[in-house]
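[1] Fold the following for me, if possible:
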Amino acid sequence: MATERTVALVALRLAAAVTAAAMGAIHLYLWYEGYRYLHIIGPLFLLNGVGAALLVLSLLITPTRLLPVLATLGTLFTAGTLAALIVSLTSGLFGFREYLDADLVKPALAVEAVGCVTLVALASLSRRGRPDR
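    Below you'll find the model as predicted:
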């Protein structure tokens, strides 16, 4: 029978995978819709979509013993994406300035923020109870 911790780990894995998939889908959609023509930003949107897909796959297949590392790296990736969006909204990034009312900016902010929180929780829970080596 599964323990509460195991159930929580599975739920957090799935939630993190869903938020990463949503983040990647937003970036790939925007890339396809025209961001691909933006200097530097276009390739970064494509890379983000690919990176998010790899994160989703990794979250679904990584052994539990490696989850702390994966969740930490996923948090850094997602937080970096969120930080880049915030910089783009405030001062511009690589000569491109985003606007809060632009297509999918608010959903991206929400998905990336929830993704960060979920991945931090996953990293913490997967680390708890493990002996230091």
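[2] show me where pLDDT drops low in this structure?
    1-2, 129-133 (pLDDT under 70).
[3] One more pass at 90, please.
    Within the chain, the stretches with pLDDT under 90 are 1-3, 128-133.
[4] Could you point out the longest helix of it?
    Scanning the chain for the helix with the most residues, using DSSP state H, yields helix 4-32.
[5] Show me what that helix is packed against.
    On a contact count with 3 or more CB pairs under 8 Å, 6 or more residues apart in numbering; DSSP states H and E, helix 4-32 meets helix 41-61, helix 67-90, helix 105-127. In short, each C-beta sits where N, CA and C put it, glycine included.
[6] So which bits of that helix are buried?
    Of all the residues in helix 4-32, those buried under the rule 16 or more other CB atoms under 10 Å are 9, 12-13, 15-24, 26-28, 30-31.
[7] do stretch 71-83 as well
    Ala71, Thr72, Gly74, Thr75, Phe77, Thr78, Ala79, Thr81, Leu82.
[8] can you tell me how far the second one sits from Ala108?
    Using CB to CB, to the nearest Å, one obtains 22 Å as the distance from Thr72 to Ala108.
[9] Spatially nearest residue to the residue nearest the centre of the chain, not counting backbone neighbours?
    Central residue of the chain (CA atoms, centre = their mean): Thr78, 3.6 Å from the mean position. The shortest distance from Thr78 to any non-neighbouring residue, by CB to CB, 6 or more residues apart in numbering, is to Gly115 (4.4 Å).
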